[in-house]
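In: can't give you the sequence, but here's the structure:
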């Protein structure tokens, strides 16, 4: 059976801060100030990591987009077919417009 290893963080805060945090933890129904602090630090850490990943992904997406604009890939068969279909559609529309005048 494995044992749960606990680590410790020592933090120095003012008496006013401690009372303020303790009051907030009581309002939320936490059993202890430590439980409240762990919960809040965990939640904030998750937000920071999520925001960081979003920013990193956004930067990577922008880099990919710029790369695709500056160095576009060669058109594949599907893109050439779509272009031909579009060209035929535009020509048919123009022909219909001329005939209806």
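Out: That came in fine, so what should we check first? Here the structure is a predicted model, which means the values were calculated and not measured.

In: ok, then the element right after the one helix or strand residue 58 maps to?
Out: Assigned by DSSP states H and E, residue 58 belongs to helix 33-70. Next helix or strand after helix 33-70 toward the C-terminus (DSSP H and E): helix 77-99.

In: pLDDT of that next one, averaged?
Out: Averaged across helix 77-99, the pLDDT comes to 92.

In: tell me how far residue 98 lies from residue 91.
Out: Distance of residue 98 to residue 91, computed by CB to CB, to the nearest Å: 11 Å. No exception for glycine: its C-beta is placed from N, CA and C like everyone else's.

In: residue 65 versus the residue most central in space within the chain, what's the distance?
Out: Most central in the chain under CA atoms, centre = their mean is residue 54, positioned 3.3 Å from the mean C-alpha point. Using CB to CB, residue 54 is found at 16 Å from residue 65.

In: for residue 97, same thing?
Out: For residue 97, the distance to residue 65 - CB to CB - is 36 Å.

In: where does this protein have low pLDDT?
Out: Scanning the chain for pLDDT under 70 picks out 1-3, 101.

In: can you list the domains in it?
Out: Here the domain assignment for the chain is 15-70, 74-101, based on automatic domain parsing.
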